[in-house]
Each structure stands twice: as structure tokens, then as C-alpha cells.
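**Student:** What follows is a protein structure lacking sequence information:
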């Protein structure tokens, strides 16, 4: 079975209308993210058409709108989501709210701390979005250690940073996607150096498309897993079993 730790159904449908009604050519499961109430409602309709997939909701650091906080808390209380996220920090610099200004830092920190505390209180996994902000995240290590599982979506950091998170007692998992297909040196370094029990596979569909593609498709998870298999020199069927077990562990599906 292929396991995709991070997809966006509504964004994918805008590029590939009706994709959810077309069967995939392999056994599959996934974690679906959304970030506002309307997107969540539309995403849930598509999720019902797919093979087993779990739903999450988060206040994204690129749009840290705390008006969605009550909606997120209600989803948790009503047990309508399996995880919180994506949450995190984004200071890539490609927009006013993604620059290290005092206002952006304040807004992103407020949204992140709210979601991290909620995840700890509700006993839910937290999915992290992180760009150019590893140092900021490290300052929140204590609260991250209180969360049952922390999943770093499309891990952008160095192996040293990943190991620092694990040493802080954080039950962290590191997800790898299409940057591997571009031979990202940081991704390959981390993939090789991390324990096998800590890695996940993802597409981030439709975002971060492979070279030559207009967007990322759900089927591209096969290319990602094949690349992980090659980098780690592990037979692919054995790797798929490991990734499936890790997916279940990261998203607390065995509890």
C-alpha cells in the first residue's frame, strides 16, 4: 500500500476536476489537510469518494487567521478530524506575512501556540509546515514534546535539526515528497540519516510538482516511494510496509 502523508483535495480538484471519482491503480491511503470551513466541507465530500483517507484542519502560517480557531476547536470536540494542521512557521520572504517582521512573527506564533496546545490537550497529531523558521520552532520544543505525535510535512531542514528535535523528546516524524525527485541535498541527507521508523512519504498534491509537470497528482506517490527505495537501497515492497506502519504510528491509527 502507498501512504501519502499530505494532500490538498480542493486544490487538486481545481486542477484535475473529478479526480476523486477515478480509481487509483494501487492500494492507497492518505492524510487530507484543509484550512478554512468552506474548504473543509468541500474536501470532506471528496474524501468520501476516495480509498481510506483521514482528515485534518489547521490554521496555516501563510494565513494565520484566528477567526478559524473556534471552528478547529469544535472539529476536535466533535471528533471530526484525526489531526491538527498544517500549522507552523513560514518566513520564506515571499509575502508580507511570510517575512520576519514583528507583526508576522506575532500572528504566526499566536496561531501556532494555540494549535500546539490544542493538539496536546486533545491528544491529536500535529502536522507542521516549516520554511526558513527552524530556529523559531526550536524555541517551542517543550510544548511539542507534550503532543503525542508531530509530523513535519515535506521536511525542509537538515539532518542535524531533525536529530535535535528527536533529542528534545519530541515524537517526530519526517515526511519526504517531490523535492527528493529533484535530488534535494538536504532531503537526501535527512532521509539517509534518520531512523527508518521516523520517515513518511507524501506528494503535497497538487503542490510542488515534479519537473515537467504542471501539478502533482496522487499517482506521483509511486515515484516518491520509488526514489526513497533507491536512496535507501531497500526493496520497494519492504519499504512500502515500513511506510504503512509509520503512517499508522504517526497518525495514531493503532490506538
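**Tutor:** Cool, got the structure. Keep in mind it's a predicted model, so treat the numbers as computed, not measured. Numbers count the residues shown, from 1 in each chain.

**Student:** just the helices in the stretch 101-250 of the chain please.
**Tutor:** In the stretch 101-250 of the chain, the helices defined using DSSP state H, counting those that start in this stretch lie at 102-122, 134-138, 141-144, 159-167, 185-193, 221-232, 236-250.

**Student:** Is it possible to get JSON lines of those that adds mean neighbour count?
**Tutor:** Quick note: C-beta positions are derived from backbone N, CA and C, even for glycine. Shown next, in JSON lines, are the helices of the stretch 101-250 of the chain (neighbours: other CB atoms under 10 Å):
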{"stretch": "helix 102-122", "mean neighbour count": "18"}
{"stretch": "helix 134-138", "mean neighbour count": "15"}
{"stretch": "helix 141-144", "mean neighbour count": "16"}
{"stretch": "helix 159-167", "mean neighbour count": "16"}
{"stretch": "helix 185-193", "mean neighbour count": "17"}
{"stretch": "helix 221-232", "mean neighbour count": "19"}
{"stretch": "helix 236-250", "mean neighbour count": "17"}
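
**Student:** Save those as a markdown table, and put in distance to residue 46 too.
**Tutor:** Shown next, in a markdown table, are the helices of the stretch 101-250 of the chain (distance: least, CB to CB, whole Å):
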| stretch | distance to residue 46 |
| --- | --- |
| helix 102-122 | 24 |
| helix 134-138 | 31 |
| helix 141-144 | 31 |
| helix 159-167 | 32 |
| helix 185-193 | 29 |
| helix 221-232 | 17 |
| helix 236-250 | 20 |
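
**Student:** Make JSON lines out of those helices and add mean pLDDT and distance to residue 208.
**Tutor:** As requested, those are exported to JSON lines (pLDDT from 0 to 100; distance: least, CB to CB, whole Å):
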{"stretch": "helix 102-122", "mean pLDDT": "97", "distance to residue 208": "21"}
{"stretch": "helix 134-138", "mean pLDDT": "93", "distance to residue 208": "19"}
{"stretch": "helix 141-144", "mean pLDDT": "95", "distance to residue 208": "24"}
{"stretch": "helix 159-167", "mean pLDDT": "96", "distance to residue 208": "19"}
{"stretch": "helix 185-193", "mean pLDDT": "96", "distance to residue 208": "11"}
{"stretch": "helix 221-232", "mean pLDDT": "98", "distance to residue 208": "10"}
{"stretch": "helix 236-250", "mean pLDDT": "98", "distance to residue 208": "18"}
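
**Student:** Ok, which of those comes nearest residue 3?
**Tutor:** Residue 3 lies closest to helix 236-250 among the helices of the stretch 101-250 of the chain, at 3.9 Å (CB to CB).

**Student:** now for that closest one, which elements pack on it?
**Tutor:** Contact analysis of helix 236-250 by 3 or more CB pairs under 8 Å, 6 or more residues apart in numbering; DSSP states H and E lists strand 2-7, strand 28-32, strand 172-176, strand 199-201, helix 221-232 as its packing neighbours.

**Student:** which ones are touching residue 153?
**Tutor:** Neighbour list for residue 153: 5, 6, 85, 86, 127, 128, 129, 130, 175, 202, 204 [criterion: CB atoms under 8 Å, 6 or more residues apart in numbering].
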